[in-house]
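Peer 1: here is the input, now give the coordinates:
(2 chains)
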Amino acid sequence: MKSLDPRVNRLQSTVTGQGIEPKAALDQFGTFEVFVQPKEGKPFQHEGIVHAPDLELAYVLAKEAFTRRFTCTSLYVVDTHDVYTSPITEGNQSAYSLIEVPPTSNETKKSYEIYHLLKRGKQHLHAGTVEAATPQEAMYIAKQKFGSDKTIYNIWAIRTDTIRFTNPEEKDLWNTLPEKKFRDATDYKGGDKLKSFLERPT
Amino acid sequence: MQSIKELLYKIADDQLILGHRNSEWTGFGPLLEEDIAFSSMAQDKIGQSYALYQILHELGEQAPDTVAFMRNANQFHNCILVELPNGEYDFSLMRHFLFDTAQAIRFEILAESSFQPLAELSRKIRGELRYHTLHANTFIKKLGSATPESISKLQYALDFAFPYALGIFEESPYEAELIAEGIFGGEKTLKEKWIEKTEDIVRQTSLHLPDWQTLSPVNGGRHGQHTEHLQPLLDEMSEVFKIDPAAEW
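Peer 2: Have a look, this model is predicted:
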């Protein structure tokens, strides 16, 4: 169906392809995981994903997609492929109970960011940083360091050097955000205005 | 005082008109995330124009809404570049790059202005401008070296937009006064820094900058001489306001 808006072009439905072919890849960008620090001193939390052609553009697009409303002091992104995840558990079972001693590795140790899922359906929260040779080892070390008291339903390990962080000089990106109340529907006080209009003296 | 007012009007009008133009992409962006980002930056620009009109109001001019919505095209001081229709995304992106590079440098210079309200505003919005140039530079660098199609589209957009971009730096009758009083470093200085910065980004792509020394700038906007595209934009922008200019929003 043709749109009434001249700026909208829709693909026409026609028969394409010849015979039987392998399924084509989706014409889409890859995904990148977005992590946000809502306040200075608070841990980073997983906020969602963006589609982007590369890490730098993922950072640029994530900034407005995820931090255009609520306060934010820092943001980082990483390719979804660089996030290693543990099994997901339920009830009283901690995901750390499924992390076993990793095979010894001679690779040089790298830094990993460890994330915890403390409640099913909530965001993953940053728990700390460990040094390890592999993601498996990172989770095993995290088990000793952060795995004790609470039930953790899922663990993520992300190699620190694959992350696009906010540079110190970029910290001012969110300076004027607290003033942008016009982005919150509540700031328009629509209900109050309607009420005073309906109750106006006639 | 006239020199400051003229300076404020041209910067504010640039931001308002380009903010409105860029907002026309809302809902039509090339991908969801970019639609949001481009719309947010358009909103930033309108917010910046509001802050500048507010300074003008404190200097005795009409209230921001009146100034934004009740003037005719020939009373606007924006450069022609910002009023041109959006066309395709390649042009909008290139305009965003050329214009925001200049605007970021302009506010960088103004952060040292002897006119305090403008210096304070310039420092306050530094982060917004940082994002706008980060966004523009990243996209130009990526698409300017991606595929033959993306490169040729951007090159065409660059060649088309460039003479208009040179019109950003059309001089004001008060240049000497603004420089002498330490209010603003002047359009010439701005243009030199802009060429340098623009060349620096373009050099990292497969694009090439037109020979700016032989091109004549498209001037006139700063003196109220506009294309036929500005008045329809103003009519649409002020349509709701003009139904009841005294209404409280």
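Peer 1: I'd say residue B:195 and residue B:213 touch.
Peer 2: No - judged on Cβ atoms under 8 Å, residue B:195 makes no contact with residue B:213 at a distance of 9.5 Å. C-beta coordinates here come from the backbone N, C-alpha and C atoms, glycine included.
Peer 1: so which of these two has more stuff around it?
Peer 2: Remark: of residue B:195 and residue B:213, residue B:195 carries more neighbours, 17 against 6, as counted by other Cβ atoms under 10 Å in any protein chain shown.
Peer 1: show me what contacts the more buried one?
Peer 2: Residue B:195 is in contact with residue B:212, counting by Cβ atoms under 8 Å, 6 or more residues apart in numbering or on different chains.
Peer 1: same check on residue B:166?
Peer 2: Residue B:166 neighbours (Cβ under 8 Å, 6+ apart): B:191, B:212, B:215, B:216, B:217, B:218.
Peer 1: restrict those to those near chain A?
Peer 2: Among those, not one lies near chain A by Cβ under 8 Å from any Cβ of the partner chain.
Peer 1: run through the chain and note the low-pLDDT ranges.
Peer 2: Since you didn't name a chain, this refers to chain A. Scanning chain A with the threshold set as pLDDT under 70 gives A:1-6, A:10-17.
Peer 1: you answered for a different chain; I wanted chain B.
Peer 2: Nowhere does chain B drop to pLDDT under 70.
Peer 1: show me the contacts for residue B:153.
Peer 2: B:88, B:90, B:143.
Peer 1: please, where are all the helices along chain A?
Peer 2: Using DSSP state H, the helices assigned to chain A run over residues A:55-67, A:135-146, A:190-198.
Peer 1: could you export the longest one as PDB, CA atoms only?
Peer 2: When you say that, I think you mean helix A:55-67. Taking Å, rounded to 0.1, in the frame of the first residue of the first chain, the C-alpha atoms of helix A:55-67 are listed here in PDB:
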ATOM      1  CA  LEU A  55      31.800   0.100  18.500                       C
ATOM      2  CA  GLU A  56      32.300   3.900  18.200                       C
ATOM      3  CA  LEU A  57      29.000   4.500  16.500                       C
ATOM      4  CA  ALA A  58      27.400   2.200  19.100                       C
ATOM      5  CA  TYR A  59      28.700   4.600  21.700                       C
ATOM      6  CA  VAL A  60      27.400   7.700  19.900                       C
ATOM      7  CA  LEU A  61      23.900   6.100  19.300                       C
ATOM      8  CA  ALA A  62      23.700   4.600  22.800                       C
ATOM      9  CA  LYS A  63      24.200   8.000  24.400                       C
ATOM     10  CA  GLU A  64      20.900   9.400  23.100                       C
ATOM     11  CA  ALA A  65      19.000   6.100  23.000                       C
ATOM     12  CA  PHE A  66      19.600   5.400  26.700                       C
ATOM     13  CA  THR A  67      20.700   8.600  28.500                       C
END
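Peer 1: so residue B:215 touches residue B:160, yeah?
Peer 2: No - counting by Cβ under 8 Å, residue B:215 does not reach residue B:160; the two are 11.6 Å apart.
Peer 1: mind checking the SS state of the residue nearest to residue B:199 when sequence neighbours are not counted?
Peer 2: In space, and not counting its chain neighbours, residue B:199 is closest to residue B:209: 5.8 Å by Cβ to Cβ, 6 or more residues apart in numbering or on different chains. Look at residue B:209: counting by DSSP: H, G, I helix; E, B strand; the rest coil, its state is coil.
Peer 1: mind listing what residue 35 touches?
Peer 2: All of this is about chain A. Applying Cβ under 8 Å, 6+ apart to residue A:35 gives the contacts A:44, A:45, A:46, A:47, A:75, A:76, A:77, A:78, A:126.
Peer 1: chain B is the one I meant
Peer 2: By Cβ under 8 Å, 6+ apart, the contact set of residue B:35 is B:25, B:26, B:27, B:28, B:29.
Peer 1: redo that, cut-off 6 Å
Peer 2: Residue B:35 makes contact with residue B:29, according to Cβ atoms under 6 Å, 6 or more residues apart in numbering or on different chains.
Peer 1: point me to the helix or strand that includes it.
Peer 2: Assigned by DSSP states H and E, residue B:35 belongs to helix B:32-58.
Peer 1: that helix: how far from the chain's middle?
Peer 2: When distances are taken as Cα atoms, centre = their mean, to the nearest Å, helix B:32-58 is centred 11 Å away from the chain's centroid.
Peer 1: that helix versus helix A:55-67: what angle between them?
Peer 2: Computed by axes from the mean of the first three to the mean of the last three Cα atoms, to 10 degrees, the angle separating helix B:32-58 from helix A:55-67 equals 60 degrees.
Peer 1: and after helix B:32-58, which helix or strand comes next?
Peer 2: helix B:64-69.
Peer 1: other SSEs contacting the helix or strand just after that following helix?
Peer 2: Following helix B:64-69 in sequence order, the next helix or strand is helix B:80-83 (DSSP H and E). Applying 3 or more Cβ pairs under 6 Å, 6 or more residues apart in numbering or on different chains; DSSP states H and E, we find helix B:80-83 packed against helix B:2-23, helix B:148-166.
Peer 1: counting by contacts, list what the longest one packs against.
Peer 2: For helix B:2-23, the elements it packs on are helix B:32-58, helix B:80-83, judged by 3+ Cβ pairs under 6 Å, 6+ apart.
Peer 1: quick one: which of residue B:215 and residue B:160 has more around it?
Peer 2: Set side by side, residue B:215 and residue B:160 show unequal neighbour counts under other Cβ under 10 Å, the larger going to residue B:160 at 16 against 13.
Peer 1: what's the closest non-adjacent residue to that one?
Peer 2: Distances taken as Cβ to Cβ, 6+ apart put residue B:91 closest to residue B:160, at 6.8 Å, once the chain neighbours are dropped.
Peer 1: cool, and residue B:54?
Peer 2: Using Cβ to Cβ, 6+ apart, the closest residue to residue B:54 is residue B:64 (5.7 Å).
Peer 1: for the one you found, give me its contacts.
Peer 2: With Cβ under 6 Å, 6+ apart, residue B:64 has these contacts: B:50, B:53, B:54.
Peer 1: of the residues you listed, just say which sits nearest to chain A.
Peer 2: Comparing the contacts of residue B:64 against chain A with Cβ to the nearest Cβ picks out residue B:50 as the nearest, at 10.1 Å.
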